[in-house]
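A.B. asks: Could you work out the structure for the sequence below:
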Amino acid sequence: MGVFDIFSKDKKENLNKGLSRTKEGFFSKMSRAIAGRSKVDDDILDELEEVLVTSDVGVETTLKIIERIEKRIAREKYVNTEELSSVLREEITSMLADNNVEELEDFELPEGKRPYVIMVVGVNGVGKTTTIGKLAYHFKKAGKKVFLGAADTFRAAAVEQLTIWSQRVDVDIVKQKMGSDPASVAYDTLSSAVANNADVVIIDTAGRLHNKINLMNELTKIKNVMKKILPEAPQEILLILDGSTGQNAYNQAKEFSKATEITALAITKLDGTARGGVVIGISDQLQIPVKYIGIGEGLEDLQIFRKNEFVNSLFDNNVK
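C.D. replies: Numbers count the residues shown, from 1 in each chain. Here you go, the predicted model:
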């Protein structure tokens, strides 16, 4: 099954709607940059650079994009403003790290031993608990048996919120009292999941970046105790970032990467911001694939990130 069969019309419409503020901001700026001009010259490239930076693509990634366009112009001898969007689309797509889901059904699990364990990290307020709840919903909808582990025992609200989500989407949850050892919660969760033939285990963890050493030690301990039950665990370490914070999200990603290995990203709240370009910069600079994006409040508004569809959506309002 091809990607265009998988990515339904409804999902495309939701994606277009969710990215509308980013698209409007980007294309209004780009339109002004090339208005009345026929050829891509240094002035247009300077203005395009400003457009990309102010769309939160990030300085380093922006400079890389401009350099690639300059090489294309030199190689092809002539690029007009009508061709600029096409060239830009191609270069941005090539810079996004592959997440190996382009040809998979939505929320299909990679092959391997079960359960598939996802350890979720991220600071408070980025939509971590909500994303976990939505992931649980989608995996259950896909016919998977899901267990949640409330290992963010630092905040009572985190356990309460995750419990509410487990009830809402009707999946199992393992929790202990506030202040319990997070590794103990993770161990109990995985033990119960294995005993009950679960397909997916999602472990919530605390994100206290103000003390990276403690965070690093805690996450390492959680991983180590789970490996006693399932040597492959966790198969995925998912970092949740708030896309509306722009470059702050990139800085958080860098800091978490220092504390633990990050294998995938989920970028939330893209519907409420014009800073969707941060997806491009984070993926390029850290070479960590974006796996999920949040484009609204609804359960269906958490989507698998497909880079071709994402970039195509950004360029739907192609400036002529």
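
A.B. asks: shaky segments in the stretch 151-300 of the chain?
C.D. replies: Under the criterion of pLDDT under 70, the regions of the stretch 151-300 of the chain flagged as low confidence span 209-211.

A.B. asks: residue ranges for the strands of it, please.
C.D. replies: Read by DSSP state E, counting those that start in this stretch, the stretch 151-300 of the chain holds these strands, from start to end of the chain: 172-174, 200-204, 236-242, 264-268, 290-294.

A.B. asks: Of these, which stretch is the most buried?
C.D. replies: Between these, the one whose residues have the most neighbours on average, counting mean count of other Cβ atoms under 10 Å, is strand 200-204 (a mean of 29). Any C-beta I mention is one placed from the backbone N, CA and C, and that applies to glycine too.

A.B. asks: Thought Val279 was touching Lys291, still the case?
C.D. replies: No: here Lys291 lies out of contact with Val279, judged by Cβ atoms under 8 Å, at a distance of 11.5 Å.

A.B. asks: what's the closest of the strands of the stretch 151-300 of the chain to Asn16?
C.D. replies: The stretch from the strands of the stretch 151-300 of the chain with the least distance to Asn16 (Cβ to Cβ) is strand 290-294; that distance is 12.8 Å.

A.B. asks: Now do that closest one against strand 264-268, angle only.
C.D. replies: Note on geometry: by axes from the mean of the first three to the mean of the last three Cα atoms, to 10 degrees, strand 290-294 and strand 264-268 are set 20 degrees apart in direction.

A.B. asks: Quick one: work out the angle between strand 290-294 and strand 236-242.
C.D. replies: Orientation check (the same axes, to 10 degrees): strand 290-294 against strand 236-242 gives 40 degrees.

A.B. asks: between Lys291 and Val279, what contacts are shared?
C.D. replies: With contacts taken as Cβ atoms under 8 Å, 6 or more residues apart in numbering, Lys291 and Val279 have Phe305 as neighbours in common.

A.B. asks: Glu83: neighbouring residues, count only.
C.D. replies: Glu83 has 14 neighbouring residues, counting by other Cβ atoms under 10 Å.

A.B. asks: State the pLDDT value of Phe7.
C.D. replies: According to the per-residue confidence, Phe7 scores 54 in pLDDT.

A.B. asks: And this protein, split by domain according to the record?
C.D. replies: For the chain, automatic domain parsing gives the domain ranges 3-95, 116-306.

A.B. asks: possible to save the strands of the stretch 151-300 of the chain as JSON lines with distance to Ser86?
C.D. replies: Below are these laid out as JSON lines (distance: least, Cβ to Cβ, whole Å):
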{"stretch": "strand 172-174", "distance to Ser86": "48"}
{"stretch": "strand 200-204", "distance to Ser86": "39"}
{"stretch": "strand 236-242", "distance to Ser86": "29"}
{"stretch": "strand 264-268", "distance to Ser86": "25"}
{"stretch": "strand 290-294", "distance to Ser86": "23"}
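
A.B. asks: Okay, now the unreliable bits of the stretch 1-150 of the chain?
C.D. replies: Within the stretch 1-150 of the chain, the set of residues satisfying pLDDT under 70 comprises 1-8, 27, 78, 101-105.

A.B. asks: can you pull out the helices in it?
C.D. replies: If you assign secondary structure with DSSP state H, counting those that start in this stretch, the helices in the stretch 1-150 of the chain sit at 3-6, 9-18, 20-34, 42-54, 59-76, 81-95, 128-141.

A.B. asks: so what's the residue nearest to the spatial centre of the chain up against?
C.D. replies: For the chain, the residue nearest the mean C-alpha position is Ala266 (2.4 Å; Cα atoms, centre = their mean). If you count contacts by Cβ under 8 Å, 6+ apart, Ala266 has them with 131, 238-241, 290-294, 302.

A.B. asks: try it again with 7 Å
C.D. replies: When contacts are counted by Cβ atoms under 7 Å, 6 or more residues apart in numbering, Ala266 touches 131, 238, 240, 291-292.

A.B. asks: same deal with Thr22?
C.D. replies: Shown here is Thr22, whose contacts under the criterion Cβ under 7 Å, 6+ apart are 273-277, 314.

A.B. asks: top of those residues by neighbour count?
C.D. replies: Scoring the contacts of Thr22 on neighbours with other Cβ under 10 Å, the highest-scoring entry is Gly276 at 29 neighbours.

A.B. asks: Return the distance of Glu108 relative to Gly143.
C.D. replies: As judged by Cβ to Cβ, to the nearest Å, Glu108 and Gly143 stand 10 Å apart.

A.B. asks: okay, these two: which has more neighbours?
C.D. replies: Neighbour tally, Glu108 and Gly143, criterion other Cβ under 10 Å: the higher count belongs to Glu108, 14 against 8.

A.B. asks: mind checking the backbone torsions on the more buried one?
C.D. replies: Backbone torsions for Glu108, taken as degrees, to the nearest 10, come to phi -80, psi 140.

A.B. asks: Name the nearest residue to it, ignoring sequence neighbours.
C.D. replies: For Glu108, ignoring the flanking residues on the chain, the nearest one in space by Cβ to Cβ, 6 or more residues apart in numbering is Ala142 at 7.0 Å.
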